[in-house]
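Asks: Structure for this input, please:
(one chain, ligands or ions: 1)
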Amino acid sequence: VKNLHLLPADQIELAKMLSEMGQSHLFQHWAEPGVEDDQKKAFFAQVAKLNSSYPGGLASYIQTARELLADSKTGKNPYDGFTPSVPTGEILSFGDDNFINFEEAGVKEAQNAAFVLVAGGLGERLGYNGIKVALPAETTTGTCFLQSYIESILALQEASGMLTRGTCQKEIPFVIMTSDDTHTRTLDLLESNSYFGMKPAQVKLLKQEKVACLDDNDARLALDPHNKYKIQTKPHGHGDVHSLLYSSGLLNLWHDAGLRWVIFFQDTNGLLFKAIPASLGVSATKQYHVNSIAVQRKAKEAIGGITRLTHSDGRSMVINVEYNQLDPLLRATGHPDGDVNCETGYSPFPGNINQLILELGPYIEELTKTGGAIKEFVNPKYKDASKTSFKSSTRLECMMQDYPKTLPPSARVGFTVMDTWLAYAPVKNNSEDAAKVPKGNPYHSATSGEMAIYRANSLILKKAGVQMEDPVQQVFSGQEVEVWPRVTWKPKWGLTFAEIKRKISGSCSISQRSTMALKGHDIFLEDLSLDGALIINSIDGAEVKVGGSIQNKGWLLESIDYKDIAIPEELRIRGFQINKLEQLEETYVEPGKFTLKP
Ligand code: UGB
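Replies: Model (predicted):
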């Protein structure tokens, strides 16, 4: 580094570290001392930030990068020496006694939980211009993902408080991990909607930083193509959530407040909270340190499998193995057919949906050792087979589900398998890509995500005794989906199956073309026959009994062109919009008992 002695002391340290780590090229194009000093200062400010936001600092980042790049070059298999086997976990069937018991145990425990949403990703595959949590989960009520998550947490908070100590409620903490790509817009969304009813102090935003890009196998840091005083950076992945939580100090605060669980989830799964009570019940009952919420998975389906890996040297872990690695690993270890369905018709390796429940005590213990660092990986795109240079700069990445990789074998790592229709319908793919998904595989689009909510709600009502007319098949933006009655409810109306069953009595039926939105706590369906649209809004304390035959023109789904830019993007990406022809809508703003019977 030219004229090192002219730099302030803290910068000298950073400059020395960089040159010792083989990064002198970063200074090669610098102007003479006295010229462009502000930019040089900004450079060191960036280096200082990159250094402090990575567990172990930049030197450790560069060192790890060299090792991982060398492994990648020689094509080393990270699973060499490991034998896969099926781990133990709980397989639940929606609505049976076992499920109901776990739900009750989970609701009791919910007040001892904190929720963490990872929402730093831009969702490039979806191609939506806004942040994903602002997208409506469904367009019948227009409730966005963030609102539905917050209302679900508040509903859990209330139900949990009621079950265990009458009316007094403990506030459930809610953390959102953001990034430079999503932070401001997430905060704006919360502020402009009064935090969707949550107390602002209950919500904490933790922003993840990007990591330095790498230009070659020696892990030389890449300069920004437009600014020679700036290191190019890219996202490090959702695994950052662990080190951020650790360094925020929140974990110890939670521990001191008597909390026991941390529940991690992703940005666009409109079904997730239907799986939370029972899964938390499993964590509490089985005393799992790590519980992965999973779904049944067909053998070879393109979703990671939860697997026990045992190494010849005695190491063992339960971890998500990506589908393209699981099948070859099985073949290489004495299973000539690879990943195959068992007698249940599904692969014995459950599908990872990346929603995790960690027990707080053991979690803090582990992070105290690791600082929250997660085993990373690197995925360079090489120019040619010699693997000596990259097409574009790369970086290390990490995933939150890799947390168990450093745990001792004594750790209790399990899973909870749920029906896919109940638990998993993310919105990740744009219309065009979704339409190309091979038949039978999930689209994971805004279209399928919304339809999955209606389907799950309809199937739940059916199980609760409501006669639901069969769905019809319709094609929107080239995707064939099952269209069930458009049934939605506020989380507080039906948090658990037992609660939903309590609110339904007599002989109820809902036709396929119907829409029903229940926006209140105490709405009871009694001998209701619905053929049209019914919307009920009610405050807490208003008890509304709905019955009789309700018939009107209802709300129709109309196809729209996903390329028609005259239509708002939130709707366009679904390939349909709702034509609200006629509905019965009632609003109850006073406490008391009411009957709605046309
Ligand atoms: N995210 C961040 O918060 N920060 C980041 O740097 C990156 C992402 P994607 P991905 O559900 O089927 C995951 O892009 O990473 C957030 C699992 O790794 O939607 O391709 C982001 O905002 C995979 O094993 O998914 O795949 C979002 O909320 C599988 O389970 C979340 O992280 C897959 O999800 C996931 O980001 C899945």
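
Asks: Residue of the stretch 351-500 of the chain closest to the ligand, please.
Replies: Of all residues in the stretch 351-500 of the chain, residue 354 sits closest to the ligand, at 3.6 Å by CB to the nearest ligand atom. Where C-beta positions appear, they are placed from N, C-alpha and C, glycine not excepted.

Asks: Please give me every residue in contact with that residue.
Replies: Remark: with contacts taken as CB atoms under 8 Å, 6 or more residues apart in numbering, residue 354 is in contact with 238, 264-266, 292, 320, 400-401.

Asks: Just the ones of the residues you listed in strands?
Replies: Residues of these located in strands (DSSP state E): 264-265, 292, 320.

Asks: among these, who's most crowded?
Replies: Ranked by neighbour count (other CB atoms under 10 Å), these have residue 292 at the top, with 29 neighbours.

Asks: Pairing partners for that residue in the sheet, please.
Replies: The partner list for residue 292 in beta bridges (DSSP bridges) reads residue 356, residue 415.

Asks: Surely it touches residue 415?
Replies: Yes. Residue 292 lies in contact with residue 415 (CB atoms under 8 Å); the separation is 4.5 Å.

Asks: roughly how far is stretch 389-407 from the heart of the chain?
Replies: Computed by CA atoms, centre = their mean, to the nearest Å, the separation of stretch 389-407 from the middle of its chain amounts to 18 Å.

Asks: Could you list the buried residues of that stretch?
Replies: For stretch 389-407, the buried set under the neighbour-count rule, 16 or more other CB atoms under 10 Å, comprises 390, 393-405, 407.

Asks: end to end, how far does it reach?
Replies: Across stretch 389-407, the terminal residues are separated by 35 Å (CA to CA, to the nearest Å).

Asks: Then stretch 89-105?
Replies: Terminal residues of stretch 89-105 lie 17 Å apart, using CA to CA.

Asks: same check, this time on stretch 540-558
Replies: In stretch 540-558, first residue to last residue: 34 Å (CA to CA).

Asks: Report the contact partners of the residue lying closest to residue 383 once chain neighbours are set aside.
Replies: Closest residue in space to residue 383, ignoring its immediate chain neighbours: residue 389 at 4.7 Å, by CB to CB, 6 or more residues apart in numbering. Residue 389 makes contact with 216, 382-383, according to CB under 8 Å, 6+ apart.

Asks: residues touching residue 273, list them.
Replies: Counting by CB under 8 Å, 6+ apart, residue 273 makes contact with 148-149, 152, 156, 491, 495.

Asks: Widest-spaced pair of those?
Replies: Greatest spatial distance among these (CB to CB): 149 and 495, at 13.4 Å.

Asks: Would you enumerate the residues in contact with residue 468?
Replies: Residue 468 touches 458-459, 461-462, 484-485, 509-510, counting by CB under 8 Å, 6+ apart.

Asks: looking at the sheet around it, what are its partners?
Replies: residue 510.

Asks: overlap in contacts of residue 292 and residue 415?
Replies: In contact with both residue 292 and residue 415: 89, 306, 350, using CB under 8 Å, 6+ apart.

Asks: can you tell me which of those are in strands?
Replies: Per DSSP E, the shared contacts of residue 292 and residue 415 map to strands at residue 306.

Asks: which one among the shared contacts of residue 292 and residue 415 gets closest to the ligand?
Replies: Closest approach between the shared contacts of residue 292 and residue 415 and the ligand, by CB to the nearest ligand atom: residue 306, at 10.4 Å.

Asks: Quick check: residue 391 is in a strand.
Replies: Yes. Assessed by DSSP: H, G, I helix; E, B strand; the rest coil, residue 391 belongs to a strand.

Asks: Apart from its neighbours in sequence, what residue is nearest it?
Replies: Closest residue in space to residue 391, ignoring its immediate chain neighbours: residue 381 at 4.5 Å, by CB to CB, 6+ apart.

Asks: Next: residue 443.
Replies: For residue 443, ignoring the flanking residues on the chain, the nearest one in space by CB to CB, 6+ apart is residue 434 at 4.0 Å.

Asks: Quickly find the element holding the one you found.
Replies: Residue 434 is part of helix 431-435, with elements assigned from DSSP states H and E.

Asks: Nothing else from me, thank you.
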